[in-house]
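**Student:** missing the sequence, but the structure's below:
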Ligand SMILES: Cc1cc2nc3c(=O)[nH]c(=O)nc-3n(C[C@H](O)[C@H](O)[C@H](O)COP(=O)(O)OP(=O)(O)OC[C@H]3O[C@@H](n4cnc5c(N)ncnc54)[C@H](O)[C@@H]3O)c2cc1C
């Protein structure tokens, strides 16, 4: 079995393949494993601090992630904390840890507050088939009014989807609300878990297990083509950028939709469309260690459009003693996958992100101790109205399976969902116990 892509999904498939008794080769294009969960080093003074390139928290309801950490002997390392959220409008901060707190914002008139409640109730009652015909923005403007949209729903949507917030289908918010309400009803806690050092220990443990069990790992080896020669008995051939070819009867691709369509030329026109018709949401994300925190919140929603999707204060969950004395803050700019920001210099972007943060916190005079900018043009497909159904795991090419972010139709990407998708795709292999 060959797995293309060494992120969470690829590693999950690779370890499960070994457990089934298969020969497994995992091929990753980058030098390191981890994909969107990979980590990097930041230097603070003479200390090296490892952080996720993109911020990650674990929810108490992430049972598959927690079982994996348990299995790898890492569950004890997770720090579990509750942290407040804040909303900033016109430079003024307001508490925003719950929908109720947010609905009490002074910027909202009494009538707006009532309409927010009504729009929430209407959204919960809206059948998904109808929600799929309109955008979240027009549905919420209609049910809550322009002023409540501007001061309340707009910032919440932007905190999730950045510049693309206006485009997503209303089914995105309907399913998000339902998940939140169900979690409340089930009594799931509101604590967030973080791993000091980011996901690095998880990948180190998975890698060690993979190699110890006989798996073959190729990193720094981008795959250029995956093809099956016509006719019975021919294996699938995987070609690498250095000219090497590998062969197997079963190949799993975990690469984003646009990459998969590029490297698998034999996919049908319909399959290509299923992988790419929903445009991907991208992110340019600054990660900074600061000498003082801008506030005490884990999430800061921004009503004013300053070019930032929000401010993610990981320091509220991971104390500075665990990050070289610096306060860990992420400044994400979610955007379209072809946004001009992707072509810009990292130093220019870092400055722009920090300037934008300072505009949100006018009195803030903290210093950046260390930082970096990471770019991911393909995070997750935008759930647009009237979406095409996702590509099934089994493609029309015998032995070629696709399990990737391209099949996500919720617009919410998390490790829990990625692991569950990989597990579901494995059941299509059938035959043996696993
Ligand atoms: C800003 C941000 C915040 C997030 N926050 C959270 C959070 O708080 N909690 C949470 O649970 N999840 C979060 N996530 C989501 C989480 O990171 C993903 O669910 C998970 O990483 C997806 O893993 P994957 O393996 O499916 O995809 P990827 O990580 O994209 O893996 C695909 C792999 O394929 C490789 N690849 C690409 N092209 C080739 C090629 N040609 N040849 C070989 N290899 C190739 C890539 O390098 C990559 O390693 C966040 C993601 C982002 C971007």
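**Tutor:** Sure, I can see it. Since this is a predicted model, take the numbers as computed values, not measurements.
**Student:** which residue packs closest to the residue in the stretch 101-250 of the chain that the ligand sits nearest to, ignoring adjacent ones?
**Tutor:** As assessed by CB to the nearest ligand atom, the ligand sits closest to residue 223 within the stretch 101-250 of the chain, at 3.7 Å. No exception for glycine: its C-beta is placed from N, CA and C like everyone else's. Once flanking residues are discounted, residue 223 sits nearest to residue 4: 5.0 Å by CB to CB, 6 or more residues apart in numbering.
**Student:** Could you check how many residues crowd around that neighbour?
**Tutor:** Residues near residue 4, counting by other CB atoms under 10 Å, number 29.
**Student:** Packing partners of the lengthiest strand in the chain?
**Tutor:** If you go by DSSP state E, the chain has its longest strand at strand 368-381. With contacts taken as 3 or more CB pairs under 8 Å, 6 or more residues apart in numbering; DSSP states H and E, strand 368-381 sits against strand 39-44, helix 257-263, strand 280-290, helix 346-360.
**Student:** Now with 10 Å, please.
**Tutor:** strand 39-44, strand 47-52, helix 257-263, strand 280-290, strand 327-336, helix 346-360 (3 or more CB pairs under 10 Å, 6 or more residues apart in numbering; DSSP states H and E).
**Student:** could you give the angle of it to strand 280-290?
**Tutor:** Here the directions of strand 368-381 and strand 280-290 differ by 160 degrees (axes from the mean of the first three to the mean of the last three CA atoms, to 10 degrees).
**Student:** Spell out which parts of the protein neighbour the ligand.
**Tutor:** 4-10, 27-30, 35-37, 54-57, 222-223, 254-255, 259, 263, 283, 285, 332, 376, 379, 404-405, 413-416, 418 (CB under 6 Å from any ligand atom).
**Student:** of these, buried ones?
**Tutor:** 4-10, 27-29, 35-37, 54-57, 223, 254-255, 259, 263, 283, 285, 332, 376, 379, 404-405, 414-416, 418 (16 or more other CB atoms under 10 Å).
**Student:** mind listing which of those are in strands?
**Tutor:** 4, 27, 223, 283, 285, 332, 376, 379.
**Student:** The second one pairs with what?
**Tutor:** Meaning residue 27. In this entry, residue 27 is beta-bridged to residue 4, residue 218, by DSSP bridges.
**Student:** Closest one of the ones in strands among the buried ones among the residues of the chain next to the ligand to the ligand?
**Tutor:** residue 223 (3.7 Å).
**Student:** From residue 421, how far out is residue 414?
**Tutor:** Taking CB to CB, to the nearest Å as the measure, residue 414 and residue 421 are separated by 11 Å.
**Student:** Ok, residue 2 next?
**Tutor:** In terms of CB to CB, residue 2 sits 18 Å off from residue 421.
**Student:** These two - which one has more neighbours?
**Tutor:** Legend: neighbour count by other CB under 10 Å for residue 2 and residue 421, higher for residue 2 (27 against 22).
**Student:** show me what contacts that one?
**Tutor:** 14, 17, 23-27, 216, 218, 223, 226, 235-238, 246-253, 399 (CB atoms under 10 Å, 6 or more residues apart in numbering).
**Student:** In the stretch 101-250 of the chain, where is pLDDT below threshold?
**Tutor:** 107, 183-189 (pLDDT under 70).
**Student:** Quick check on residue 231: phi, psi?
**Tutor:** Dihedral angles of residue 231 (phi, psi; degrees, to the nearest 10) stand at phi 110, psi 150.
**Student:** Same question for the one 3 residues further on.
**Tutor:** Residue 234 adopts backbone torsions of phi -90, psi 130, taken as degrees, to the nearest 10.
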